[in-house]
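[1] Pasting the sequence and the predicted coordinates here, then a few questions.
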Amino acid sequence: MDFDNIRYGCVDGVARLTLHRPERINAIDAAMHAELRIALDAVQADASVRVLVLCGAGRGFCAGQDLADPAVRFDPGSQPPDLGDVVERDYAPLVRRLAELRVPTLAAVHGVAAGAGASLALGCDIVVASRSASFIQAFSRIGLVPDTGGTWVLPQRVGMARALGLAMLGERLPAPQAAEWGLIWAAYDDAAFSAEVDALAARLAASPTRALVRTRQAMHAAARNTLAQQLALEAGFMRELGRSADYIEGVEAFIAKRPPRFRGD
């Protein structure tokens, strides 16, 4: 598929979606949103895809919303556009789509992930970053609140005190500290970052896809469920997965002391 604002391809079960506006540090505009929808539709429809890697081109992951985008731009003295419409039309569906994708998602962050760019990365199942990368909740700098799911994911990952500090102060959070706080999975040395991402993506692509997605669903549901409800949800997922080809393969491989060959079903 040919795109102007992203790049997309799939090799050996690893779909790679690259934000590609390097001259704007991959800032998101309406045209990029439209292309992201097409690419995510392709991931959802392609049974050969086993994992999605989300990354950015050039010197950073994503600078967030492009304030020059006509959807949000306004002239001094004029009435600003309705930002709630932009969130409801573009960002909320994007976050929900990532959360409901039929394969696990891996965000590979280098350089800066700011504003909606940071929240977009954190909307993936696993987030890794180069040691020189950083995350910035920049919304308060222009009088806004974190969006793209930021107010949902931050308190869950780092606790209320740190979430409020990050959001209210808008300070840069270096990747190693983000990993130490539990905001992301790991921070890798810059020189090894690309190889580490490739290895992790390959590992996820070779894993039991449906089990990983059900794990995501169960953990997301835990925040709103009682213990009894969560136990029932686990039982239902175990009933389903216990009849899957991947479970049979996993047990047979364990007994035979060989690596499993999961098919993702």
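    Nice, I can see it.
[2] C-alpha from now on. contacts and neighbour counts both.
    Noted.
[3] Return the residue of this protein that is most distant from the centre.
    Gly77 (36.7 Å; C-alpha atoms, centre = their mean).
[4] quick one, phi psi at that one?
    Gly77 adopts backbone torsions of phi 90, psi -10, taken as degrees, to the nearest 10.
[5] got it, and Val49?
    Dihedral angles (degrees, to the nearest 10) for Val49: phi -80, psi 130.
[6] burial of Val112, as a residue count?
    Look at Val112: counted by other C-alpha atoms under 10 Å, it has 26 neighbours.
[7] And for the one 5 residues further on?
    Taking other C-alpha under 10 Å as the neighbour definition, Gly117 ends up with a count of 28.
[8] Residues contacting the helix or strand where it lies, please?
    For Gly117, the element it lies in under DSSP states H and E is helix 116-122. Residues from elsewhere that reach helix 116-122 (C-alpha atoms under 8 Å, 6 or more residues apart in numbering): 27-28, 54, 61-65, 95, 107-109, 113, 127, 135-137, 146-150, 153, 183-184.
[9] ok, which stretches of the stretch 151-265 of the chain are strands?
    Using DSSP state E, counting those that start in this stretch, the strands found in the stretch 151-265 of the chain span residues 172-174, 186-188.
[10] who touches the closest residue to Ala211 other than its chain neighbours in this structure?
    Among residues not flanking Ala211 along the chain, Leu241 sits closest, at 6.8 Å (C-alpha to C-alpha, 6 or more residues apart in numbering). Listed by C-alpha under 8 Å, 6+ apart, the contact set of Leu241 reads 210-211, 247.
[11] Next, find the distance separating Leu241 from Arg210.
    Going from Leu241 to Arg210 by C-alpha to C-alpha, to the nearest Å gives 8 Å.
[12] any idea how far Ser130 is from the residue nearest the centre of the chain?
    By C-alpha atoms, centre = their mean, the chain has its centre lying nearest to Cys124, at 2.0 Å. Distance of Cys124 to Ser130, computed by C-alpha to C-alpha: 16 Å.
[13] ok so, going back, for the helix holding Gly117, C-alpha coordinates in PDB please.
    This file holds the C-alpha atoms of helix 116-122, laid out as PDB (Å, rounded to 0.1, in the frame of the first residue of the first chain):
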ATOM      1  CA  ALA A 116      -0.700  12.600  21.900                       C
ATOM      2  CA  GLY A 117       2.400  10.900  20.600                       C
ATOM      3  CA  ALA A 118       3.300   9.700  24.100                       C
ATOM      4  CA  SER A 119      -0.200   8.600  24.700                       C
ATOM      5  CA  LEU A 120      -0.300   6.700  21.400                       C
ATOM      6  CA  ALA A 121       2.800   4.800  22.300                       C
ATOM      7  CA  LEU A 122       1.500   4.000  25.700                       C
END
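[14] ok, now how distant is Gly159 from Asp125?
    Separation of Gly159 from Asp125 (C-alpha to C-alpha) stands at 18 Å.
[15] So for the two, which sits in the more crowded spot?
    Remark: of Gly159 and Asp125, Asp125 carries more neighbours, 19 against 14, as counted by other C-alpha under 10 Å.
[16] Go ahead and confirm that one touches Thr105.
    Yes: using C-alpha atoms under 8 Å, Asp125 is in contact with Thr105, at 5.2 Å.
[17] Specify the beta-bridge partners of Ala108.
    Beta bridges link Ala108 to Val128, judged by DSSP bridges.
[18] Cool, thanks, signing off.
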